[in-house]
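**Q** Next come a sequence and a model predicted from it.
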Amino acid sequence: MKKYTIVITEKAKADMQVFYNHILHEHKQPLTALRNRIELRKTLQKLSVYAGSISIS
C-alpha cells in the first residue's frame, strides 16, 4: 500500500502548540494535552495511508 507524505505548515504547527499550551496551562490538564498530541499523530499516520483510497472530486 502506498504511503503519502502529510505536510504540516509552520502555522498549523504553531496553532497546535497554542492549543496544547491552552489545555496544559489554562485548564491544568497535562495528561489531556499529551493525549491530544498523541491522537493527532496517530490520525496523521492513518491519513498517510488512507489518502490513497479517496477519489479526487
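**A** Looks like it arrived, so ask away. Numbering: from 1, shown residues only.
**Q** other SSEs contacting the longest helix anywhere in the chain?
**A** The single longest helix within the chain, with elements called by DSSP state H, is helix 30-50. Contacting helix 30-50 under the criterion 3 or more CB pairs under 8 Å, 6 or more residues apart in numbering; DSSP states H and E are the following elements: helix 10-21. No exception for glycine: its C-beta is placed from N, CA and C like everyone else's.
**Q** In contact with the most centrally placed residue in the chain: list those residues for me.
**A** Per CA atoms, centre = their mean, the C-alpha nearest to the average position across the chain is that of residue 40, at 3.2 Å. If a contact means CB atoms under 8 Å, 6 or more residues apart in numbering, then residue 40 has residue 16 as its contacts.
**Q** Which residues in the longest helix of the chain does the neighbour count mark as buried?
**A** 33, 36 (16 or more other CB atoms under 10 Å).
**Q** ok and it relative to helix 10-21, angle-wise?
**A** 150 degrees (axes from the mean of the first three to the mean of the last three CA atoms, to 10 degrees).
**Q** and the spatially closest residue to residue 2 that is not a sequence neighbour, how far is that from residue 24?
**A** Closest residue to residue 2 apart from its sequence neighbours, by CB to CB, 6 or more residues apart in numbering: residue 52 at 5.1 Å. For residue 52, the distance to residue 24 equals 35 Å [CB to CB, to the nearest Å].
**Q** What of residue 13?
**A** 16 Å.
**Q** Of the two, which one has the most company?
**A** residue 24 (16 against 10; other CB atoms under 10 Å).
**Q** helix/strand/coil for that one?
**A** Following DSSP: H, G, I helix; E, B strand; the rest coil, residue 24 is assigned to helix.
**Q** so what's it up against?
**A** By CB under 8 Å, 6+ apart, residue 24 lies in contact with 30, 33.
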